[in-house]
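[1] give the three-dimensional model of this entry:
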Amino acid sequence: MLAGRYLFACVTAAAVAGLSSAALAQDAVARGKYLATFGGCHDCHTPGYFFGKPDEKRYLGGSEVGFEIPGMGVFHGPNLTPDKETGLGNWSSDEIVTALQTGVRPDKRVLAPIMPWKALAQLTRDDATAIALYLKSIPPVKNKVPGPFGATEKPTGFVMKIVPPPGAPAPK
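    Below is the predicted model of the structure:
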C-alpha cells in the first residue's frame, strides 16, 4: 500500500512538473513578447513603420528603411522572424541571446551601432532568452532587407540619415 502511494505521488509530481515546464515555456514566450514590444523592436524591424503604416502581416519582418551613419554606411533593421532564408530561422536561441547581449552575430559580424545591444546587454539571461523564444515563436516572414551598405556603397532603398552637428567627431 505504501509503495502504491509512493508511486502515485511520483507519477503525479512528474505530471505536474511536465505541465509546469510547458507553462514556464509559455510564460517565457509571453515575457519575450512583452519585452520586445516594450523595447520597441517593431519600430526598426517592421516594414512600413517609418512611413506611419506598419505592416502587421509582416511584423518584425525587416525594414525597407535604412539608417545612414556617416563614415560607416547604411543599415536596415533585419528580419527577426524565424524565416530560414531571410530571418533568424537558422539561429539558435543562444545565438540570438549572444547577439542581443554582446552585439555579435553567429557569423562574427558586429551589429550596426544603431542597434541598442549595449542596453539589451543589461537584461537578465532569462529575459534575453525569453525574447529569443518569442522571436522563434512568431510566424516566419520571407523578406530580405537591403544591405548592409558600406560608407562608399550606394543604398538601394529609403534612408534615414543621421547628421552630426558641425565639428562633431566621426563615429567609431
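[2] contacts and neighbour counts: CA atoms only from here.
    Fine.
[3] mind listing the helices for the protein?
    Counting by DSSP state H, one finds helices in the chain at the ranges 2-38, 41-45, 93-102, 117-120, 125-137.
[4] measure how far the second one is from the centre of its chain, please.
    I take that to be helix 41-45. Computed by Cα atoms, centre = their mean, to the nearest Å, the chain-centroid distance of helix 41-45 equals 9 Å.
[5] what does it rub up against?
    By Cα atoms under 8 Å, 6 or more residues apart in numbering, the list of residues contacting helix 41-45 from outside reads 36, 49-50, 59-63, 76-80.
[6] and the residues you listed, which is closest to Thr86?
    Checking these against Thr86 with Cα to Cα, the nearest one is Asn79 at 6.5 Å.
[7] who touches that closest one in this structure?
    With contact set as Cα under 8 Å, 6+ apart, Asn79 has these partners: 45-46, 60-63, 86-88, 141, 143-145.
[8] would JSON lines of the residues you listed with pLDDT be doable?
    JSON lines is the format used below for these (pLDDT from 0 to 100):
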{"residue": "His45", "pLDDT": "96"}
{"residue": "Thr46", "pLDDT": "97"}
{"residue": "Leu60", "pLDDT": "97"}
{"residue": "Gly61", "pLDDT": "97"}
{"residue": "Gly62", "pLDDT": "96"}
{"residue": "Ser63", "pLDDT": "96"}
{"residue": "Thr86", "pLDDT": "97"}
{"residue": "Gly87", "pLDDT": "97"}
{"residue": "Leu88", "pLDDT": "97"}
{"residue": "Val141", "pLDDT": "97"}
{"residue": "Asn143", "pLDDT": "96"}
{"residue": "Lys144", "pLDDT": "96"}
{"residue": "Val145", "pLDDT": "94"}
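[9] redo those as CSV? Include distance to Arg105 and neighbour count.
    Compiled in CSV, the contacts of Asn79 are given as follows (distance: Cα to Cα, whole Å; neighbours: other Cα atoms under 10 Å):
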residue, distance to Arg105, neighbour count
His45, 16, 26
Thr46, 20, 26
Leu60, 18, 30
Gly61, 18, 30
Gly62, 16, 28
Ser63, 18, 29
Thr86, 15, 20
Gly87, 13, 22
Leu88, 11, 21
Val141, 20, 21
Asn143, 19, 21
Lys144, 17, 16
Val145, 16, 22
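[10] what is the nearest of the residues you listed to Pro113?
    Minimum separation from Pro113 among the contacts of Asn79 (Cα to Cα) is found for His45, which lies at 15.0 Å.
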